[in-house]
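generate a structure from the sequence data that follows.
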Amino acid sequence: MLISASRRTDIPAFYSEWFFQRLKEGYAYVRNPMNPHRVSEVLLSPDVVDGIVFWTKNPTPMLNRLDELREYPYYFQFTLTPYGTDVERNVPSKNDVIIPTFQKLSARIGKECVIWRYDPILVNDQYTVRYHIKHFGILCDKIADHTEKCTISFLDLYKNIRRSITPLGICPPTAEQAEELTEHFADIAREHGISIDTCAEDIDFKKYGVGHASCIDSKRFERIGSFRLNVERDRNQRASCGCVSSIDLGAYNTCGNGCVYCYANFNQTLVEDCRGKHNPFSPLLYGEIVAEDIVKPREMKSFRDGQMSLFDLD
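Numbers count the residues shown, from 1 in each chain. Predicted structure coming up:
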């Protein structure tokens with residue numbers, strides 16, 4: 001089984017102590033987002049967990065504890081954009097904190113284990129197409145030696161973000177702007193030795209050498225762990241998503257990054273309430289089990305299908 005930590009919240013930035021405690025105890029509880037009183041018990045033993053994908057804007061709290069992950073294949077989906085605190089309200093300084101952390105993390109675990117995400121791409125009077133092209137190049141200059149791949153995507157207008165983005169005049173790029181951005185990004189990335197792909201985008205950019213991403217990627221885990229995985233595509237994701245099946249440990253309305261484009265935080269008051277209920281020693285990311293909850297073990301098994309040979313790694 002593959003673990004996603006997490007599409008719903010930034011576990012490395014805000015809940016790393018909880019996560020390492022869950023690894024120590026060997027399980028976590030996850031509420032069903034559609035039916036909160038249904039709770040899954042997810043085993044976290046290396047015997048059944050084939051790999052972990054961390055999604056984060058700031059894994060700094062994890063840097064000194066990476067040795068605790070030695071029994072697990074893992075990699076990071078590391079979002080690094082040129083937005084300021086008007087858009088990513090609580091993300092620390094990119095130059096002072098985030099970029100150095102990106103470089104340190106890569107030095108510790110290898111650049112194949114640190115995937116750069118430049119997403120979502122949005123535009124307004126400040127964050128123009130020209131701005132993105134310029135700053136994509138600047139970021140490439142700083143981290144090209146520390147990653148192999150950049151995944152991009154364009155802003156989706158989820159209903160729950162409209163109120164937060166409207167005062168900033170934010171909107172998704174037009175089809176023409178997306179085309180221009182992708183063409184320039186592909187050229188810049190190629191010059192820096194970085195491959196580029198898109199996350200859950202229907203547009204075909206193959207003519208620029210840009211493919212479709214598999215952000216939870218069985219092939220990358222096979223490469224990192226030197227084993228084969230017999231795992232299917234995740235049918236719970238959008239049709240344009242290339243991810244394979246995984247279990248997400250996160251919860252909505254718990255991320256502290258405060259990004260105005262976030263689809264996972266519906267209400268800031270609710271976010272503060274949920275974060276206030278976080279207990280690093282609870283099996284749940286926030287809150288506790290109550291009488292109405294039904295806890296059931298999640299069916300889990302390893303997808304590993306034997307070790308690779310030297311010929312498989314070519």
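
check contacts around residue 191.
By CB atoms under 8 Å, 6 or more residues apart in numbering, the contact set of residue 191 is residue 140. From N, CA and C alone the C-beta is placed, and that goes for glycine too.

next one: it relative to residue 131, how far apart?
Residue 191 sits at a distance of 19 Å from residue 131 (criterion: CB to CB, to the nearest Å).

likewise for residue 26?
Applying CB to CB to residue 26 and residue 131 gives a distance of 47 Å.

can you check residue 261 too?
16 Å.

with residue 282 instead?
42 Å.

check residue 278 too.
Residue 278 is 36 Å from residue 131, by CB to CB.

which one's more surrounded, these two?
Using other CB atoms under 10 Å as the criterion, residue 278 and residue 131 rank with residue 278 on top: 17 against 14.

can you pull the contacts of that one?
15, 18, 254, 285-286.

turn those residues into a markdown table, columns for secondary structure, distance to residue 153 and neighbour count.
Listed next are the contacts of residue 278 as a markdown table, based on DSSP: H, G, I helix; E, B strand; the rest coil; distance: CB to CB, whole Å; neighbours: other CB atoms under 10 Å:
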| residue | secondary structure | distance to residue 153 | neighbour count |
| --- | --- | --- | --- |
| 15 | coil | 24 | 27 |
| 18 | helix | 28 | 21 |
| 254 | coil | 22 | 24 |
| 285 | coil | 25 | 28 |
| 286 | coil | 27 | 19 |
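
and those, which is closest to residue 150?
Closest to residue 150 out of the contacts of residue 278 is residue 15 (25.8 Å), distances taken as CB to CB.

for that closest one, give its distance to residue 40.
Taking CB to CB, one finds residue 15 at 17 Å from residue 40.

and residue 34, by the same measure?
Taken as CB to CB, the span from residue 34 to residue 40 is 12 Å.

who has more neighbours, the two?
Taking neighbours as other CB under 10 Å, residue 34 and residue 40 compare with residue 40 leading, 17 against 6.

assign the more buried one to helix, strand or coil.
strand (DSSP: H, G, I helix; E, B strand; the rest coil).

pull the contacting residues for residue 136.
So residue 136 contacts 82, 118, 184-185, 188 (CB under 8 Å, 6+ apart).

export the strand or helix carrying it as CSV, just CAs?
Using DSSP states H and E, residue 136 sits in helix 129-143. Presented in CSV, the C-alpha positions along helix 129-143 are these (Å, rounded to 0.1, in the frame of the first residue of the first chain):
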residue,chain,number,x,y,z
VAL,A,129,2.7,35.6,-17.7
ARG,A,130,5.9,37.6,-17.9
TYR,A,131,6.3,37.5,-14.1
HIS,A,132,5.9,33.7,-14.1
ILE,A,133,8.4,33.1,-16.9
LYS,A,134,11.0,35.3,-15.2
HIS,A,135,10.6,33.8,-11.8
PHE,A,136,10.5,30.2,-13.1
GLY,A,137,13.9,30.8,-14.5
ILE,A,138,15.2,32.3,-11.2
LEU,A,139,13.9,29.3,-9.3
CYS,A,140,15.5,26.9,-11.8
ASP,A,141,18.8,28.7,-11.3
LYS,A,142,18.6,28.0,-7.5
ILE,A,143,17.3,24.4,-7.4
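
partner residues bridging residue 42?
Beta-bridge partners for residue 42, by DSSP bridges, are residue 28.

from residue 146, how far out is it?
Taken as CB to CB, the span from residue 42 to residue 146 is 31 Å.

between these two, which one's more packed in?
Using other CB under 10 Å, the more surrounded residue of residue 42 and residue 146 is residue 42, with 22 against 18.

just to check, that one is in contact with residue 31?
No: assessed by CB atoms under 8 Å, residue 42 is found out of contact with residue 31, at 11.3 Å.

do a quick rundown of the helices in the stretch 151-300 of the chain.
In the stretch 151-300 of the chain, the segments counted as helices under DSSP state H, counting those that start in this stretch are 162-165, 175-191, 218-225, 268-276.

and the strands in the protein?
Secondary structure of the chain (DSSP state E): strands at 2-5, 27-32, 35-43, 51-56, 74-79, 114-121, 149-154, 195-198, 211-212, 227-229, 247-248, 294-297, 304-307.

just the CA atoms of the fifth one, as CSV, please.
Meaning strand 74-79. Provided in CSV are the C-alpha atoms of strand 74-79 (Å, rounded to 0.1, in the frame of the first residue of the first chain):
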residue,chain,number,x,y,z
TYR,A,74,9.6,7.9,0.2
TYR,A,75,9.8,11.1,-1.8
PHE,A,76,8.5,14.6,-1.5
GLN,A,77,6.1,16.6,-3.7
PHE,A,78,7.6,20.0,-2.7
THR,A,79,5.6,23.1,-3.8
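
good, wrapping up.
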